[in-house]
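1. Turn this into a model:
(2 chains, ligands or ions: 2)
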Number of protein chains: 2
Amino acid sequence: MTPERTAKLTQTLNRRQPDLTLITDQVHKPRNIAALIRTCDAVGIPRIHTVTPKEGYAFKGTTRGSDRWVTTQNHNSVTEAVAAVKAEGMKIYAAHFSDRAIDYREVDFTQPCALLMGAEKHGVSDEGAVLADEHILIPMMGMVGSLNVSTAAGIILVEAQNQRLKAGMYEQSRLDPQEYKDTLFEWSFP
Amino acid sequence: MTPERTAKLTQTLNRRQPDLTLITDQVHKPRNIAALIRTCDAVGIPRIHTVTPKEGYAFKGTTRGSDRWVTTQNHNSVTEAVAAVKAEGMKIYAAHFSDRAIDYREVDFTQPCALLMGAEKHGVSDEGAVLADEHILIPMMGMVGSLNVSTAAGIILVEAQNQRLKAGMYEQSRLDPQEYKDTLFEWSFP
Ligand SMILES: C[S@@+](CC[C@H](N)C(=O)[O-])C[C@H]1O[C@@H](n2cnc3c(N)ncnc32)[C@H](O)[C@@H]1O
Ligand SMILES: C[S@@+](CC[C@H](N)C(=O)[O-])C[C@H]1O[C@@H](n2cnc3c(N)ncnc32)[C@H](O)[C@@H]1O
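-> Ligands and ions are numbered 1, 2, ... in the order given. Here you go, the predicted model:
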């Protein structure tokens, strides 16, 4: 490995945010999952949680290599995914159109939290909506009712990134030292 | 038409931003174009400009109805697209990785402007990069080099929306009265 490569790997690890994650609530198009993982890598999310769609995935796709840098934990239900994330002390923010939804910019993303995104057609499941601590929304000013799921997640996760940048949370490593070492080893010797 | 429908149409028209637009510089996947158009509708962009990819579009796709609400003007070259937009007094901001790129949040999107987005593989063309007034970037903190084009555009356009919201630009109609009337007629009687 070149010194530049090692520097890139450690710089990325130094910015990983173990207390920020994503849950996909039966998102089923692999190209959307791929775009979501790519955005997670870009904002420094090390691990995400997926809930298997009842009808399975739309087709076998690829995540174009970004899944190498982001660990995906799969769950059979949103209840299981939420339990895993809550066990780590994170709040759940569901991107969900409901009467109790607030503007996504009102949320404090510097606290440990997970963003829950709904499926392409059906949105967030009833269970997911009930289990969420808050419902959040990106204001819509047009005729069409919703954004593409990966576009919506990108907008919200970059707000989280921006808040964490301002709070200095990318300035020194926040990973557990053992996880840091293990990940660096895994990334260095594939 | 129900009164609710008429109210929805006029509310959308009241928020349209004639001095904000998008140029796609040979973006070739119809699903990306579809997601871009959907986001444009949501932030109130009435018209966009596309540049035909040299290799043509990847396949014939649909924009799932959002193209009904956003007019697309197609061009044979980015030079032609930029000329059309500059003739309307708009600045060009290219979302482009270059030495002169600045953080996208530093740009004043309340001024008349167009966002130029690059193609999936090749990014912004050389001509597009030269013709742009500024190059702008979303900070990346991971291993992967770029975001999906529609995710990146969504992030930047929502920043523009937010700046324009704060500036009160969605509070009263900004369309030319004739265009307003024509569009309302067209939307009401398809
Ligand atoms: C295509 S939308 C689903 C639309 C579905 N018909 C509904 O009403 O929920 C897929 C997911 O993208 C996210 N999403 C789309 N637009 C959003 C917005 N404006 N604000 C927040 N989340 C949004 C939500 O998580 C949603 O469940
Ligand atoms: C998949 S990227 C193209 C990557 C190409 N290899 C390059 O280096 O330009 C497609 C387009 O998305 C936009 N884009 C992707 N990530 C971006 C970021 N972090 N900031 C600004 N624009 C971005 C740019 O317009 C880019 O041309």
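2. what about residue A:73, distance to residue A:52?
-> Distance, residue A:73 to residue A:52, by C-beta to C-beta, to the nearest Å: 12 Å. In this view, the C-beta of every residue, glycine as well, is placed from N, C-alpha and C.
3. Which helix or strand contains residue A:116?
-> In this assignment (DSSP states H and E), residue A:116 forms part of strand A:113-118.
4. That strand and ligand 1, any residue contact?
-> Yes. For strand A:113-118, a contact with ligand 1 is found by C-beta under 6 Å from any ligand atom, at A:117, A:118.
5. List the neighbouring strands of that strand plus their orientation.
-> Partners of strand A:113-118 in the sheet, by DSSP bridges, are strand A:20-25 (parallel), strand A:91-95 (parallel).
6. Tell me which of those is the most buried.
-> strand A:20-25 (a mean of 27; mean count of other C-beta atoms under 10 Å in any protein chain shown).
7. a markdown table for the strands paired with strand A:113-118, including mean pLDDT?
-> Formatted as a markdown table, the strands paired with strand A:113-118 follow (pLDDT from 0 to 100):
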| stretch | mean pLDDT |
| --- | --- |
| strand A:20-25 | 98 |
| strand A:91-95 | 98 |
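8. Rebuild the ones you listed as a markdown table, extending it with distance to residue A:120.
-> Listed next are the strands paired with strand A:113-118 as a markdown table, based on distance: least, C-beta to C-beta, whole Å:
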| stretch | distance to residue A:120 |
| --- | --- |
| strand A:20-25 | 10 |
| strand A:91-95 | 13 |
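9. For chain A, which segments count as strands?
-> A:20-25, A:47-51, A:71-75, A:91-95, A:101-103, A:113-118, A:134-137 (DSSP state E).
10. so which of those comes closest to residue A:5?
-> Set against residue A:5 and scored by C-beta to C-beta, those come closest in strand A:71-75, at 20.3 Å.
11. from the middle of its chain, how far away would that closest one be?
-> 11 Å (C-alpha atoms, centre = their mean, to the nearest Å).
12. Around ligand 1, pick out the residues from chain A.
-> A:95-97, A:117-118, A:120, A:123-124, A:137-138, A:140, A:146-147, A:149, A:152.
13. Cross the residues you listed against helices and list the overlap.
-> A:149, A:152 (DSSP state H).
14. Filter the residues of chain A next to ligand 1 down to the buried ones.
-> Buried by 16 or more other C-beta atoms under 10 Å in any protein chain shown: A:95-96, A:117-118, A:120, A:123-124, A:137-138, A:140, A:146-147, A:149, A:152, out of the residues of chain A next to ligand 1.
15. re earlier: for the strands paired with strand A:113-118, which one sits closest to residue A:167?
-> Nearest to residue A:167, of the strands paired with strand A:113-118 and by C-beta to C-beta, is strand A:20-25 at 11.8 Å.
16. Could you list the residues of chain A in contact with chain B?
-> A:8-9, A:12, A:15, A:31, A:35, A:38-44, A:65-66, A:68-69, A:105, A:138-144, A:147-148, A:150-155, A:158, A:161-162, A:165, A:170 (C-beta under 8 Å from any C-beta of the partner chain).
17. Please name the residues that touch the spatially most central residue of chain A.
-> Per C-alpha atoms, centre = their mean, the C-alpha nearest to the average position across chain A is that of residue A:22, at 2.5 Å. Listed by C-beta atoms under 8 Å, 6 or more residues apart in numbering or on different chains, the contact set of residue A:22 reads A:36, A:40, A:45, A:48, A:49, A:114, A:115, A:116, A:117, A:153, A:157.
18. re earlier: between the buried ones among the residues of chain A next to ligand 1, which sits nearest residue B:78?
-> residue A:147 (26.1 Å).
19. quick revisit: to ligand 2, which of the strands of chain A lies closest?
-> Proximity of the strands of chain A to ligand 2 was assessed by C-beta to the nearest ligand atom; the nearest stretch is strand A:20-25, lying at 17.9 Å.
20. Off-centre distance for that closest one?
-> Using C-alpha atoms, centre = their mean, the offset of strand A:20-25 from its chain centre is 4 Å.
21. again, but for stretch A:159-168
-> 15 Å.
22. can I assume residue A:154 is in contact with residue B:149?
-> No. Contact criterion C-beta atoms under 8 Å: residue A:154 and residue B:149 do not qualify, at 10.9 Å.
23. do you know how far residue A:75 is from chain B?
-> 23 Å (C-beta to the nearest C-beta, to the nearest Å).
24. for that residue, what are its contacts?
-> Counted by C-beta under 8 Å, 6+ apart, residue A:75 has contacts A:49, A:50, A:51, A:52, A:81, A:84.
25. Which of these sits closest to residue A:26?
-> The closest of the contacts of residue A:75, once distances to residue A:26 are taken by C-beta to C-beta, is residue A:51, at 5.4 Å.
26. Now for the closest one: which residues touch it?
-> Residue A:51 neighbours (C-beta under 8 Å, 6+ apart): A:23, A:24, A:25, A:26, A:74, A:75, A:76, A:77, A:78, A:80, A:81.
27. can you check residue A:106 too?
-> residue A:136.
28. Where does the prediction get shaky in chain A?
-> Residue ranges of chain A with pLDDT under 70: A:58-65, A:190.
29. Can you name the residue of it nearest to ligand 2?
-> For chain A, C-beta to the nearest ligand atom, closest residue to ligand 2: residue A:42, 6.8 Å.
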